[in-house]
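**Q** Let me see the structure of the following:
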Amino acid sequence: MTENRFKIWIFFSILSFWVVSAVGTLMRYKIGFEFPFFYQKYLLHAHSHFAFAGWVTQTLMILMVYSIREYLTNAKLIQYQRIFGANLVVSYGMLVFFTIQGYGLFSITFSTLSILTLLFFTYLFIKDLINNDLVNKHLWFIAALFFNFLSIFGTAKLIHMMATKQIVQDTFLASIYWYLHFQYNGWFFFAFLGLFIYYLEKTYGFQLPKKVFYLLAAACIPTYGLSLLWANLPLWIYCIVAAGAVVQVYAWGVFSKKLVDVKLHIFQNIFEPHKLLLIVALLASTTKFLLQFISIVPEISKLAFGFRPIIIAYLHLALLAMTSMFLLYLCLKNKLLENNHIFRIGVFVVITGVLLNELVLLIQGLASLEYLPLDMLTFTNESLFGISALIFIGIAQLIVSQVQALKSS
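**A** This is a model prediction of the structure:
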């Protein structure tokens, strides 16, 4: 598979990112204005499932295969292309049918096919790592795929409850948080960080102490409990959960210090698009770990999980500010995206929208908690719609930039 073929697959990923933004913008419009078509709940399901499968998972699979492409035969690369295509088809199937019927026969079918597609990718990818003696070199990928496998159990439980119409509220919430935790903090985080570290090793000879990986991997499972502190966990379980939160903050601190020590030219000419993307992603990652650490306090955790704007702000911090910015950075540094004038403008627009989105959601959350005057909530829905539209326009500029680059290549 040629470099251009990888670029085309990444182009389709950016298109999917744009579709995710379009659905998010539509949802924001429905909140702030009158729009009779589509159920908001169905749109939410379509938005989240497609964002995870069609944008993040698709891009991670492409980048992971790209990172080991030199070890793969043409026949094997073609096999991976078929997986990319299958995942894209089932992702759009989920988008369509979740929008139409929410959790129904066809949407559940496509969700199941999405899981099977990723399981087949996992089998094939780990097999190739083993056959090429790359397991020790790519432990981050192994952990990412393992945590993605764990997340499936949350999805399976949700599908079972939806199909049987036997929904127990606490189990329902626990299943959602299980899925989200092992997607955001497991699959997404370990995959993009593994890609980032591998790039640093190849480019700068960066060497990260192995203990960082082992500490973060060990902390991933117990920190799921941070999402369940509202359930009044036994003291011994709470202590394990709290220890996990402390361990991951320490490990991220070691990683950050190592990154600062070797400098890597990250903080020179920071207005270059790839450096802006990386700085936003690193700051978002640090914020995420600190928020998880603070949530050790049960009262703070219960307060946060009791207010939807705060949950939405956290999820967008993890998906947009952290994961999506890292993915764009990795695509750019691997030269799978062309860094032309339109692209640079698009990156600046997207980053501005992402930061404004977090700011307004933070204001909305604090005002809901009565830490800020309630009159600060005025026009927040309209503002969030405008910001969503701004991100939509920024991603459209990224697409236009790549169309021009593909035409000229």
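
**Q** for the stretch 101-250 of the chain, which spans come out with low pLDDT?
**A** Within the stretch 101-250 of the chain, not a single segment meets pLDDT under 70.

**Q** show me where it has helices.
**A** 105-131, 139-164, 169-181, 189-204, 210-220, 235-262 (DSSP state H, counting those that start in this stretch).

**Q** Of these, which is nearest residue 322?
**A** helix 189-204 (8.0 Å; CB to CB). Backbone N, C-alpha and C define where each C-beta goes, glycine included.

**Q** Quick one: work out the angle between that closest one and helix 235-262.
**A** 20 degrees (axes from the mean of the first three to the mean of the last three CA atoms, to 10 degrees).

**Q** what's residue 336 in contact with, if anything?
**A** By CB atoms under 8 Å, 6 or more residues apart in numbering, residue 336 lies in contact with 3, 6, 7, 10, 63, 66.

**Q** Check those residues and tell me the two furthest apart.
**A** 3 and 63 (13.3 Å).

**Q** what's the neighbour count on residue 379?
**A** 12 (other CB atoms under 10 Å).

**Q** circling back to that earlier point, mind checking which of the contacts of residue 336 are buried?
**A** 6, 7, 10, 63, 66 (16 or more other CB atoms under 10 Å).

**Q** now the helices: where do they sit in the stretch 251-400 of the chain?
**A** Using DSSP H, counting those that start in this stretch, helices in the stretch 251-400 of the chain cover 273-294, 298-305, 308-316, 325-333, 341-368, 380-408.

**Q** For residue 169, which of those helices is the nearest?
**A** With CB to CB as the yardstick, what comes closest out of these is helix 298-305 (13.1 Å).

**Q** Not counting sequence-adjacent ones, nearest residue to residue 201?
**A** residue 207 (7.1 Å; CB to CB, 6 or more residues apart in numbering).

**Q** no, scratch that, I was asking about residue 23
**A** Residue 23's closest residue in space is residue 47 (CB to CB, 6+ apart), at 4.5 Å.

**Q** Kindly report the same for residue 384.
**A** Leaving aside its sequence neighbours, residue 384 sits nearest to residue 28 (CB to CB, 6+ apart; 5.1 Å).

**Q** Just the ones in helices from the buried ones among the contacts of residue 336, please.
**A** 6, 7, 10, 63, 66 (DSSP state H).

**Q** hang on, the earlier thing: from the buried ones among the contacts of residue 336, which single one is nearest residue 161?
**A** For the buried ones among the contacts of residue 336, the nearest to residue 161 is residue 63 (33.7 Å; CB to CB).

**Q** Can you give me every residue that contacts the closest one?
**A** Residue 63 sits in contact with 195, 327, 330, 331, 334, 336, where contact means CB under 8 Å, 6+ apart.

**Q** Can you give me the separation between the residue nearest to residue 285 when sequence neighbours are not counted and residue 287?
**A** Ranked by CB to CB, 6+ apart and with sequence neighbours excluded, the top spatial neighbour of residue 285 is residue 322, at 5.2 Å. In this view, residue 322 and residue 287 are 8 Å apart by CB to CB, to the nearest Å.

**Q** of the two, who's got more company?
**A** Set residue 322 next to residue 287 and count neighbours by other CB under 10 Å: residue 322 wins out with 25 against 16.

**Q** what's that one in contact with, if anything?
**A** 189, 281, 284, 285, 288.

**Q** circling back: what helix or strand is the residue nearest to residue 384 on?
**A** Assigned by DSSP states H and E, residue 28 belongs to helix 3-32.

**Q** pLDDT on the helix or strand that that helix is followed by, on average?
**A** Downstream of helix 3-32, the next assigned helix or strand under DSSP H and E is helix 40-50. Across helix 40-50, the average pLDDT comes to 91.
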